[in-house]
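A.B. asks: attaching a predicted model along with its sequence, questions to come.
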Amino acid sequence: MLAIARQRILGQSFQNIRPAVSVLRSYSSAAKQITVREALNSALDEEMSADPKVFLMGEEVGEYQGAYKITKGLLEKYGPERVLDTPITEAGFTGIGVGAAYYGLKPVVEFMTFNFSMQAIDHIINSAAKSNYMSAGQISVPIVFRGPNGAAAGVGAQHSQCYAAWYASCPGLKVLSPYNSEDARGLLKAAIRDPDPVVFLENELLYGESFPVSDEVLDSSFCLPIGKAKIEREGKDVTITAFSKLVGYALKAAEILEKDGIYAEVINLRSIRPLDRSTINASVRKTNRLITVEEGFPQHGVGAEICASVVEESFAYLDAPVERIAGADVPMPYAANLERLAVPQIEDIVRAAKRACYRSVPLAATA
Amino acid sequence: MALSQLASSSPSRSVNLLKPLLSAISLHRPISTDTTPITVETSVPFTAHQCEAPSRTVQTNAQELLNFFRDMAVMRRMEIAADSLYKAKLIRGFCHLYDGQEAVAVGMEAALTKKDCIITSYRDHCTFVGRDGTLLEVFAELMGRQAGCSKGKGGSMHFYKKDSNFYGGHGIVGAQVPLGCGLAFAQKYCKDEAVTFALYGDGAANQGQLFEALNISALWNLPAILVCENNHYGMGTAEWRAAKSPAYYKRGDYAPGLKVDGMDALAVKQACAFAKEHALKNGPIILEMDTYRYHGHSMSDPGSTYRTRDEITGVRQERDPIERIRKLILLHDLATEKELKDIEKEVRKEVDDAIAQAKENPVPEPSKLFSDVYAKGLGVESFGADRKEVRATLA
């Protein structure tokens, strides 16, 4: 009783404080800060409101409010016919989602993490990605597969893999990976509206991070184009490509490099498939050096594709070999010190950028 | 023809007066449209699991029986022709033939409307035709031509006809079952008052995803009918070697099931009508169709290394679905033997004409390599084998 009274008093005193705070805020350049979680939740909410064909399914998305609270409040708002808790049977429920999309509904299927999507990967690839092609356009599949991807913290080898390269290699899929709240809102809305199957790779560690968003981003009609990367920071000396959490690392690396007089251009890929080759190549033609950054395994990774693309399109512009920063070529270990060694750190990106900048003759000279 | 037979049994005097006129007219007469009910018993009673079996007394009529005969004759002739085309190397890759199983396709269609959905495996040619697919679309697709139902992009295993709610045509064993339950989910979501029939074989019946999808369908009360086309061999493996329990109609456990003579089109019709009514009210139900394929698993399988020729000829003699309907038609004086043979001749010509037309049809334009990768291509680039040589922009 006393506790409630105390809360009420505190609430009132906060209410008294609030006007002052909002006056301060209106003078700042960023209108509002929202977490990536809030961004995803509001995007789902708005798209479900706008289109009755959109529905959600996945483990714990309903009554539990979402394993990571991304779908919080949506069951209450839209009811159990549109927010469906599934049993722990990825192959079965993913197939059901794809079948519903064949009929014309717009499912958003959540994988608690993308590691579990491997149980359903036949439906993602063979039932969803290829159907429009095999049917010569009769059966389109307007489905979104979303969930956290890549390493979290201390969750071990079976719960830490990044699937960007696997899914992005498959024609017929679109693969998106947001970094900040603006990305999360705009890309998820675009994914839900898109008539093709979209794999939407989130990051668990970003869910709680806040980012500034403009009024435009908060508007329910806001949408980002699929297939366009964003230049987060302009520079002239070296291009750094990244997606998801590592965009933040790349930006921090760029700040460190600036102190040494190296101005890095940071590209947030946003879209892994289609890959924005023209933005990447235009940047490399300007800076003449490239570092690709990703969390996933290095072999046959996203960086390998970007490197090949740049070698094919802009070879004459390269003043140094392309550098790849990626996760270590090992299953993810548990011990904290080993885990730290298994994922890229800011100093890895800085080191690679410096390597690229101090080299003016291609490696071939030393062979 | 049949009309004159009916005239003799009909009480109407005006028809009797027409008799001489009718026999004087030598038209290409259409199939009998008489819908006077005829009552037939199914070959065997249904065996039920967790439900009460429907009666083995089926209502039919001359029109339906003659349609069954004709439709199955088309399917039979089409599959045999496909065999020859495959041996002539005009059809490549995989070709899984359905001859022997025709009664399942026609019996099912008789119980459904085109609002109901059907999804099946790669043994899909006849199911497609049952959904109003044309012979030209079949042969052109098999030969990889533009006029194919998938414009040559799919092949034998990937026939689709969305405007008839036929969703393929799937190459991965068992995948079509969760997909079919998804179609049922969507029908319920849209309040369409229609059902989905998801067909699979005795080989696929052991797939885990089937049980996952059945579990969800039962929990969510989806109008899904799972139809096991049990032809007793999963490729070369007999059912008793693959399934600890080959009583597929019982494998749904909490879901009711019915075992049906899949070589009896009327039994199939009765069972499907029963299942549709059940599923709309009470959720998923399993139908096990006891059927048989005369060909091997595919054109690369002679079909005689794991079963005896005696078994195959035995089924052909005792249980052939077309012969069953022929006997029924003759028994009830709905047509003469000659009339039925004429129908078969007509069908053969139809099939030959469609093949000739398909052979003339062009292969897809090279640019079609890049079409339909996406529904919305966003202007992205795609590449051929040598990306410096062949690039395309996806519309």
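C.D. replies: Perfect, I can see it now.
A.B. asks: going forward, measure contacts between C-alpha atoms and count neighbours the same way
C.D. replies: Fine.
A.B. asks: helix/strand/coil for residue B:40?
C.D. replies: strand (DSSP: H, G, I helix; E, B strand; the rest coil).
A.B. asks: per-residue pLDDT of it, please?
C.D. replies: Looking at residue B:40, its pLDDT stands at 97.
A.B. asks: what of residue B:33?
C.D. replies: 76.
A.B. asks: you'd agree it is up against residue B:65?
C.D. replies: No - between residue B:33 and residue B:65 there is no contact, the gap being 10.2 Å when judged by Cα atoms under 8 Å.
A.B. asks: show me which of those two is the more surrounded one.
C.D. replies: residue B:65 (21 against 14; other Cα atoms under 10 Å in any protein chain shown).
A.B. asks: how near is the more buried one to residue A:345?
C.D. replies: 74 Å (Cα to Cα, to the nearest Å).
A.B. asks: what's the burial count for the nearest residue to residue A:69 once chain neighbours are set aside?
C.D. replies: Spatial nearest neighbour of residue A:69, excluding adjacent residues (Cα to Cα, 6 or more residues apart in numbering or on different chains): residue A:37 at 7.5 Å. Using other Cα under 10 Å, residue A:37 is surrounded by 24 other residues.
A.B. asks: again with the one 3 residues further on
C.D. replies: Neighbouring residues of residue A:40 were enumerated by other Cα under 10 Å; the total is 25.
A.B. asks: need the contact list for it.
C.D. replies: A:70, A:181, A:184, A:185, A:188 (Cα atoms under 8 Å, 6 or more residues apart in numbering or on different chains).
A.B. asks: now the phi/psi pair for the first one, please.
C.D. replies: Meaning residue A:70. Backbone torsions for residue A:70, taken as degrees, to the nearest 10, come to phi -70, psi -30.
A.B. asks: try the last one
C.D. replies: With angles defined as degrees, to the nearest 10, residue A:188 sits at phi -70, psi -40.
A.B. asks: what about it, distance to residue B:136?
C.D. replies: Counting by Cα to Cα, the gap from residue A:188 to residue B:136 is 43 Å.
A.B. asks: for the fourth one, same thing?
C.D. replies: The span separating residue A:185 from residue B:136 equals 48 Å under the rule Cα to Cα.
A.B. asks: hmm, back to that, isn't the residue nearest to residue A:69 right up against residue A:70?
C.D. replies: Yes - using Cα under 8 Å, residue A:37 is in contact with residue A:70, at 5.6 Å.
A.B. asks: more crowded one of residue A:185 and residue B:136?
C.D. replies: Comparing residue A:185 with residue B:136 by other Cα under 10 Å, the one with more neighbours is residue A:185, at 30 against 22.
A.B. asks: list the residues that contact that one.
C.D. replies: A:39, A:40, A:42, A:43, A:217, A:222, A:223.
A.B. asks: and for residue B:122?
C.D. replies: B:96, B:156, B:157, B:158, B:168, B:169, B:170, B:171.
A.B. asks: SS state for the closest residue to the last one other than its chain neighbours?
C.D. replies: In space, not counting the residues next to it along the chain, residue B:171 is nearest to residue B:122; the distance is 5.3 Å by Cα to Cα, 6+ apart. The three-state label given to residue B:122 by three-state DSSP is coil.
A.B. asks: dihedrals phi and psi, residue B:122?
C.D. replies: Residue torsions, per degrees, to the nearest 10, at residue B:122 are phi -80, psi -10.
A.B. asks: can you check residue A:142 too?
C.D. replies: phi -80, psi 70.
A.B. asks: what do you get for residue A:184?
C.D. replies: Dihedral pair for residue A:184: phi -60, psi -50, per degrees, to the nearest 10.
A.B. asks: that one reaches residue A:36, doesn't it?
C.D. replies: Yes - the criterion here is Cα under 8 Å, and residue A:184 meets it with residue A:36 at 6.3 Å.
A.B. asks: who's more crowded, those two?
C.D. replies: residue A:184 (31 against 28).
A.B. asks: residue B:270 - that's part of a helix, no?
C.D. replies: Yes - assessed with three-state DSSP, residue B:270 lies in a helix.
A.B. asks: quick one on the thing from earlier: ok but the residue nearest to residue A:69 is inside a helix, no?
C.D. replies: Yes - according to three-state DSSP, residue A:37 belongs to a helix.
A.B. asks: quick one: contacts for whatever residue of the stretch 1-150 of chain B ends up closest to chain A?
C.D. replies: The minimum distance from the stretch 1-150 of chain B to chain A, using Cα to the nearest Cα, falls at residue B:150 (4.9 Å). For residue B:150, the contacting residues are A:134, A:135, A:136, B:141, B:158, B:159, B:160, by Cα under 8 Å, 6+ apart.
A.B. asks: the closest residue to the first one other than its chain neighbours in helix, strand or coil?
C.D. replies: Nearest residue to residue A:134 in three dimensions, chain neighbours excluded: residue B:154, at 4.5 Å (Cα to Cα, 6+ apart). On the three-state scheme (three-state DSSP), residue B:154 is labelled coil.
A.B. asks: neighbours of residue B:154, how many?
C.D. replies: Neighbour number of residue B:154 under other Cα under 10 Å is 22.
A.B. asks: roughly how far does it sit from residue B:372?
C.D. replies: 12 Å.
A.B. asks: ditto for residue B:293
C.D. replies: 34 Å.
A.B. asks: higher neighbour count, these two?
C.D. replies: residue B:372 (24 against 21).
A.B. asks: which non-adjacent residue is nearest the more buried one?
C.D. replies: Using Cα to Cα, 6+ apart, the closest residue to residue B:372 is residue A:133 (4.8 Å).
A.B. asks: how about the contacts made by the one you found?
C.D. replies: Neighbours of residue A:133 in contact, by Cα under 8 Å, 6+ apart: A:172, B:153, B:154, B:371, B:372, B:373, B:374.
A.B. asks: and it, that one's in a helix?
C.D. replies: Yes - assessed with three-state DSSP, residue A:133 lies in a helix.
A.B. asks: so residue A:232 is in which element?
C.D. replies: strand A:230-233 (DSSP states H and E).
A.B. asks: what of residue A:254?
C.D. replies: Counting by DSSP H and E, residue A:254 is part of helix A:245-259.
A.B. asks: now that helix: buried residues?
C.D. replies: A:245-257 (16 or more other Cα atoms under 10 Å in any protein chain shown).
A.B. asks: out of the residues you listed, flag the one nearest to chain B.
C.D. replies: residue A:247 (23.6 Å).
A.B. asks: okay, that closest one: pLDDT?
C.D. replies: For residue A:247, the predicted pLDDT is 98.
A.B. asks: with residue B:270 as the reference, measure out to it.
C.D. replies: In terms of Cα to Cα, residue A:247 sits 62 Å off from residue B:270.
A.B. asks: now do residue A:202
C.D. replies: 50 Å.
A.B. asks: who has more neighbours out of these two?
C.D. replies: residue A:202 (26 against 23).
A.B. asks: what sits against the more buried one?
C.D. replies: By Cα under 8 Å, 6+ apart, the residues touching residue A:202 are A:146, A:147, A:148, A:149, A:177, A:178, A:244.
A.B. asks: among those residues, which one sits closest to residue B:320?
C.D. replies: residue A:146 (49.9 Å; Cα to Cα).
A.B. asks: how many neighbours does that closest one have?
C.D. replies: 24.
A.B. asks: surely it is in a strand?
C.D. replies: Yes - according to three-state DSSP, residue A:146 belongs to a strand.
A.B. asks: how about the helices of the chain, start to end?
C.D. replies: Just going to use chain A. A:2-26, A:36-50, A:74-78, A:90-103, A:121-122, A:131-134, A:164-168, A:181-193, A:215-218, A:245-259, A:277-287, A:302-314, A:336-342, A:346-357 (DSSP state H).
A.B. asks: to clarify, I was referring to chain B.
C.D. replies: Counting by DSSP H, the helices of chain B are B:2-9, B:13-24, B:62-87, B:102-111, B:125-130, B:135-142, B:176-189, B:208-219, B:239-242, B:265-282, B:309-319, B:321-331, B:337-360.
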